[in-house]
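Chemist: Mind folding the following:
(chains A, B and C)
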Amino acid sequence: MTTTFRSLLGATALGLVLASSQALAADPIKIGVIAEAQAIAGASIPQAAQLAADEINAKGGVDGRKIEIITYDNHSSSADSVRAFQRAVNEDKVNIVIASYISEVVLALEPWAARLKTPFITPGAASNEISKAVHADYEKNKYTFHGYLTSAALAQSVCDAAKDLLVDQKHMKTAVIMSEDAAWTKPLDIGYEDCLPKIGLKVLDHIRFSPDTTDFTPIFNKIEGSKPDVIITGISHVGVQPTVQWKNQQVPIPMFGISSQATNSTFSKDTNDASEGVIYQGVSGTGVAVTPKSIPFTEAFKAKFGNFPSYCGYTAYDEVYYIADAVKRAGSTDADKLVAALEKTDWVGTIGRTQFYGKDDPFTHSIKYGKGLITGLMLQWQDSQQVAVWPSDVAKAKLKFPSFIKVTTN
Amino acid sequence: MASFFKSRLFFISIAIVIVAATLPLYMSGYVLGLLTVAFYFGVFAMSWDLLFGFAGEVNFGPTFLIGVGAYTAGILNAQTGWSVYPCIVLGALAAVIAGLVLALPALRVRGPYFGLTTLVAVLILQNFIVVFADLTGGEIGLTIPDVITINAGANYWIALGFMTISALILYGLAQSPIGLVLQASGQDPVQAGALGFNIVKHKLAAFIVSAFFSGLSGALLVFYMGTASVGTVVDIAVGVNVIVAAVLGGRRTVLGAALGAIFLIVAGEFLRPTGELATFIVSAVALLVVLFFPGGFLGAALSHEGRS
Amino acid sequence: MLALQILIDGFAISALYALGATGFTLIFGVSGVLNLSHGAIMVLAAVAAWAAASVLHLGSYSGALLGVAVAVVASFATYFAVVQPIQKSRRIATEEKEIFILTSTLLWGIMIQELIAYFFTNNAKTVLPIVEGVVNIFGERTTKNEIFTAVVCCVSIGLLWLLVNRTRTGKAVLAASMNPRGVTLLGLELGSIYLVVWGIYGILAGIAGVLLGMFLGVSSYSVGPLTASAFSIVVLGGLGSVSGSLIAAFVVGYLETITAYLISPAYRTIPALLLLVAVMYVRPQGLLGRR
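Modeler: Numbering: from 1, shown residues only, chains lettered A, B, ... in the order given. Here you go, the predicted model:
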């Protein structure tokens, strides 16, 4: 709150200075950040962006231009986000927008990025539709960039990890998919359905539930009824409640997959340590040196904000850096030139090496998945800590489960 | 009605509308955008006031009518690709049908029971939107391919014109015999019935008019924003805002409801630097007004004029 | 086996609903007030109990007690800051007091909800359960917490019944709920009866909130649905009828559980809502309501 206020004051003061002196050389690069300030995952976005901007500014900015972050709280609503986007572009004259980890919000903003011709990157939404829309109508939608893995890539990442960890190590054979009903899980589930059988996990059942669900007892009962070896998750809007109920009801089946809230370092506290044993996908994690930049970032973030960043903190931080890089290469903040420069991004950040798929790829403007680029990793909550368990080059520990879990075929 | 055109209120209103119409000439796009939303919201509040303020029923369901209008228009546009205007008209018609469906059970019951029936209607609509997520975009929102225009000034004028026309019709209706019968039935239904007025018929008429303007406004709002979501046009919190706007502005004044709505939206934006506390502050101010100035903004002003 | 599962889970949920709705209906019976900040007070109790454990590092019993205490304080605050000024106001016409109380308790609830979200984020919180672990009931693995929830709810409602039927204060409350004017004629101070009722309400809502926090978890998003479900149950049962509310709570609780198990968890609340509309249509005064 105070940072928002201060940056607003700063914006006003700068505006006054500019109006009087016309000092174009010191024109700041304005980045609008629209995020879910009250949600665990979203709260890290403006914080991480500010951290990156402060670091860049401390080193003199981009060709003498400072980076200015202007934040907006969207209350997790697409309508508030649209209003914030309009305000950011029309009133605050931002050059580019970083917005939201919710796919629906990003999909609602995408046409606005096209209408207002303002580049826009999401740090955390996953739906395939975001980049598919860019591919389908490139001239119109080229302003949108997808700075996080698509659901298809996420599903692939979970399957790659499941092959090593579950099938090869634990000899598991069957799975049930459990995912919340939302835009980002539709392609994710298609991805799971497709790749799980290929790695040798038979899908016994597939349960989609409303993100409003509070009582997961019937869901866990149904899953237990089909006796799978593992539950493959696709959850983001929910997280605390299913995890706590899973532990309280002592559901004897491990959970493995995407669980966005588990990426946050306060997750064990929020769940009274019910998180023990939960295995989740992340692009980076506390204390995991995905690249040499990962750990210094998490430490700096912790020092400044008192907690570790959520998954979209990493991506938002990287985004500010490669936006700065693109501005430098373009030599301008002109929207079309910026888009062209962003397309040529090749940036090693905290989550790996970021490049965007081109115009001819079906996932235009989405970050590339694969070895040497961004693979993601699997982490597990062990003794109230987030520990990397996959891939082997960054893994710090073996899988470990609480006593009520029965890994039958071990 | 005739007296209205001679009253001071009329001239003040005309003056305000004229001044408001010139805003796009010198105000930034952002202020216009904010007021555009506020004007559509004003129509929601005025429609609610006609139904509640006059008929005296605790209606928690304004967003049922708004939501049906907004989503019908949005889904039609997204699914069929028809142009914006037929979708808006069909949205308003769908809201009228929804109003009739709601009126059937709602008119049989009074007081808290009426309140609950309207509340449940909203909850059911919300559930259906979530269940039929393929069509509606579910929890967080439906993305709509077309918008009316992206020109902030044009959007502003459309909203202002729409609100002015709605205000004229709704205010005229409230001052007409229909409005008086509604008011009488709200205060003493038995006596009003005994005087020979068909109360159900009048209430049904109020329902239909209220539904038409709510739905139309909802559809217009959707094509202004380019998105429809439960959080903007259906959620109970939105309904609460509509009610608070009407109570703040002064019930039974119709025009006051629009003032209240504009105040709520503008105040919410002024408080943006306070971040997450903005909603808290707006609610606290509204609560204080309700407790200490129960007549609302316009209620106080009008009662002075009425006496003079 | 599924039937047994539904029987057990449905009972816990229904008992929780019953407890939440009892206080709500009691206040309506005595003072004609529908308190729409109900959900906010329940969530506040649960979040206070959660904070006691996570922030203050208290044990689960002290945490639960703190949660209930906070609910009682919130209940009195609601009465003194919001409800009483309206009841006493001369500027608000009598027939309009109802809408004013509804609007202002709603606003009050939103204020509480926003403060919770501001200080503790809107992510779900779960209260550290007092009893942990599971037991087997005829082969169905059931959490001890679920049994605990059901027992506490039943005991609380039983105690309330004893209070109302066996003590002098309780009888005065009962009399007031039947005929407020009659009580004043008998020389009983209506004001002090209101205080007792709001106190009882605070305790019931607090217990229900803390139990819900242990059983399913709450977030600031739960405020609206909790108020709506208490409101629905109370109206379904017949406003002001405690026994009607109890029956309605079990009807709604089981209907939801059966739907969740047999059809899909996504459709959980829909049949109960449709039932409510149907009941409103054929029997507008609710199951056990007086007209």
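Chemist: where do the strands sit along the stretch 1-150 of chain B?
Modeler: Assigned by DSSP state E, counting those that start in this stretch, the stretch 1-150 of chain B shows strands spanning B:142-143.
Chemist: Please disregard the earlier target; I meant chain C.
Modeler: Ranges of strands within chain C are C:134-137, C:140-143, based on DSSP state E.
Chemist: swap in chain A?
Modeler: Counting by DSSP E, the strands of chain A are A:29-35, A:67-73, A:96-99, A:120-122, A:144-146, A:174-180, A:202-209, A:230-235, A:255-259, A:279-282, A:347-348, A:353-354, A:377-382, A:385-390.
Chemist: can you tell which of those strands is closest to chain B?
Modeler: strand A:67-73 (6.0 Å; Cβ to the nearest Cβ). Heads up, the C-betas are built off the backbone N, CA and C, glycines and all.
Chemist: Just put the strands of chain A in JSON lines and tack on mean pLDDT.
Modeler: Converted to JSON lines, the strands of chain A look like this (pLDDT from 0 to 100):
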{"stretch": "strand A:29-35", "mean pLDDT": "95"}
{"stretch": "strand A:67-73", "mean pLDDT": "93"}
{"stretch": "strand A:96-99", "mean pLDDT": "96"}
{"stretch": "strand A:120-122", "mean pLDDT": "96"}
{"stretch": "strand A:144-146", "mean pLDDT": "96"}
{"stretch": "strand A:174-180", "mean pLDDT": "94"}
{"stretch": "strand A:202-209", "mean pLDDT": "92"}
{"stretch": "strand A:230-235", "mean pLDDT": "95"}
{"stretch": "strand A:255-259", "mean pLDDT": "95"}
{"stretch": "strand A:279-282", "mean pLDDT": "92"}
{"stretch": "strand A:347-348", "mean pLDDT": "94"}
{"stretch": "strand A:353-354", "mean pLDDT": "94"}
{"stretch": "strand A:377-382", "mean pLDDT": "93"}
{"stretch": "strand A:385-390", "mean pLDDT": "90"}
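Chemist: Nearest to chain C, out of those strands?
Modeler: Minimum separation from chain C across the strands of chain A (Cβ to the nearest Cβ) falls at strand A:202-209, 4.9 Å.
Chemist: ok, back up a step: could you dump the strands of chain C to TSV with mean pLDDT and mean neighbour count?
Modeler: Converted to TSV, those look like this (pLDDT from 0 to 100; neighbours: other Cβ atoms under 10 Å in any protein chain shown):
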stretch	mean pLDDT	mean neighbour count
strand C:134-137	85	12
strand C:140-143	84	19
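Chemist: Now tabulate the ones you listed in JSON lines and tack on distance to C:Ile99.
Modeler: Output for the strands of chain C, formatted as JSON lines (distance: least, Cβ to Cβ, whole Å):
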{"stretch": "strand C:134-137", "distance to C:Ile99": "48"}
{"stretch": "strand C:140-143", "distance to C:Ile99": "43"}
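Chemist: just to revisit the earlier point, pipe the strands of chain A into CSV and attach distance to chain C and mean neighbour count per row.
Modeler: Below are the strands of chain A laid out as CSV (distance: least, Cβ to the nearest Cβ, whole Å; neighbours: other Cβ atoms under 10 Å in any protein chain shown):
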stretch, distance to chain C, mean neighbour count
strand A:29-35, 13, 27
strand A:67-73, 11, 24
strand A:96-99, 19, 29
strand A:120-122, 21, 29
strand A:144-146, 25, 28
strand A:174-180, 10, 24
strand A:202-209, 5, 17
strand A:230-235, 12, 26
strand A:255-259, 13, 26
strand A:279-282, 16, 26
strand A:347-348, 31, 16
strand A:353-354, 29, 19
strand A:377-382, 15, 25
strand A:385-390, 17, 21
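Chemist: nearest to B:Ser47, of the ones you listed?
Modeler: Closest of the strands of chain A to B:Ser47 is strand A:67-73, at 29.3 Å (criterion: Cβ to Cβ).
Chemist: same for that closest one, what does it pack against?
Modeler: helix A:2-21, strand A:29-35, helix A:40-58, helix A:78-86, helix A:311-330 (3 or more Cβ pairs under 8 Å, 6 or more residues apart in numbering or on different chains; DSSP states H and E).
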